[in-house]
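**Q** Provide a 3D model corresponding to the input given below.
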Amino acid sequence: MSAGPSRHDRLDALRGVAVVWMTLFHLGFDLAWFGWWRQDFYRDPVWTVQRTCIVSLFLFCVGLSQAVALQGRGFGPATGAGELRFADRFDRRFWLRWAQVAGCALLVTAGSWLVFPRSFIYFGVLHAIAVMLIVLRCSAGWGRGLWLAGAMALGFHFLSTWAHSQGLAPSWLDAPGLHWLGLLSHKPITEDYVPLVPWLAAVWWGMAAGQWMLASRPQWLEGPAPALLAWLGRWSLSWYMLHQPVLIGVLWGLGLLFGRSGP
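**A** Numbers count the residues shown, from 1 in each chain. As a prediction, the model looks like this:
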């Protein structure tokens, strides 16, 4: 068995696009937070739709990456789910990466609590990815069923919204301990909220697309790609953790230099 998957530069570059888009989005958010740019990032569709697209692209890349990673461990569209042992799906390499993501999620919670104590992040994109990585490894053998699973995750979102609007959904779905499911009646007050429903759709469709491409169109993931974007994609977790403290620090310094007030 291969020691691990090789780099797929075009996949890294696609993730790099998401990194650049996210950074620009957060720069705009920070400018508004500092009061230097009048924008409503919580209600204006210009920004809320962008946020949905950025998160969707990141999660789609998570699914693509897991398809590539599992192919490197001997699993692919040509092999059956039973041919990949549990120990191969959840090997040491996987758990090391998972620990990095989960650890960074906890740091995001701690950091956001210091900055936004009333709306800190308790189940944001990194928390979701930590859970979804395990879900993806368990469901990798579903084949074309991954497309259906993604459609069901999206469908449950609309079904839940409708059931709550009609008073048909049980009230216990709004319990704080179940917010991570995404079946509650309203969006909770938090700076970043990425529940399993409907966002599992993006990772399941990403894995389904990845398995199809690896079998039929591997050149779509391999081959040359813009070097800077590929580099950003390879270091996306580090960039995610560092870019906001750097942006806020720079803006804070500029505010002190030019006598502008902070948030």
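**Q** Could you report the neighbour count for the nearest residue to residue 221 once chain neighbours are set aside?
**A** The shortest distance from residue 221 to any non-neighbouring residue, by Cβ to Cβ, 6 or more residues apart in numbering, is to residue 8 (4.3 Å). For glycine as for every other residue, the C-beta is placed from the backbone atoms N, C-alpha and C. Residue 8 has 23 neighbouring residues, counting by other Cβ atoms under 10 Å.
**Q** any idea how far residue 8 lies from residue 209?
**A** Using Cβ to Cβ, to the nearest Å, residue 8 is found at 13 Å from residue 209.
**Q** can you check residue 172 too?
**A** Taking Cβ to Cβ as the measure, residue 172 falls 35 Å from residue 209.
**Q** cool, residue 99 as well?
**A** 27 Å.
**Q** okay, these two: which has more neighbours?
**A** residue 209 (20 against 11).
**Q** wouldn't that one be in contact with residue 62 here?
**A** No. At 11.8 Å, residue 209 does not count as touching residue 62 under the criterion of Cβ atoms under 8 Å.
**Q** wait, is residue 223 part of a helix?
**A** No. With DSSP: H, G, I helix; E, B strand; the rest coil as the criterion, residue 223 is assigned coil and is not in a helix.
**Q** Check the burial of it by counting its neighbours.
**A** Residues near residue 223, counting by other Cβ under 10 Å: 10.
**Q** pLDDT score for it?
**A** With respect to pLDDT, residue 223 scores 83.
**Q** gap between it and residue 67?
**A** From residue 223 to residue 67 the distance is 17 Å (Cβ to Cβ).
**Q** Likewise for residue 51?
**A** Counting by Cβ to Cβ - residue 51 and residue 67 are separated by 25 Å.
**Q** Among the two, which residue is more densely surrounded?
**A** residue 67 (29 against 15).
**Q** Residue 19 contacts residue 230, correct?
**A** No. Judged on Cβ under 8 Å, residue 19 makes no contact with residue 230 at a distance of 10.8 Å.
**Q** more neighbours, these two?
**A** Remark: of residue 19 and residue 230, residue 19 carries more neighbours, 24 against 21, as counted by other Cβ under 10 Å.
**Q** Let me know the average pLDDT across stretch 40-59.
**A** 96.
**Q** 33 is where my numbering starts, stick with that
**A** Sure, I'll start numbering at 33, so the last one becomes stretch 72-91.
**Q** Can you pull out the residues in contact with it?
**A** Stretch 72-91 is contacted by residues 46-47, 49-50, 53-54, 57, 60-61, 64, 71, 157, 160-161, 164, 226, 231, 234-235, 238, 268 when judged by Cβ atoms under 8 Å, 6 or more residues apart in numbering.
**Q** Filter those down to the buried ones.
**A** Among the contacts of stretch 72-91, those buried by neighbour count (16 or more other Cβ atoms under 10 Å) are 46-47, 49-50, 54, 57, 60-61, 64, 157, 160-161, 164, 226, 231, 234-235, 238, 268.
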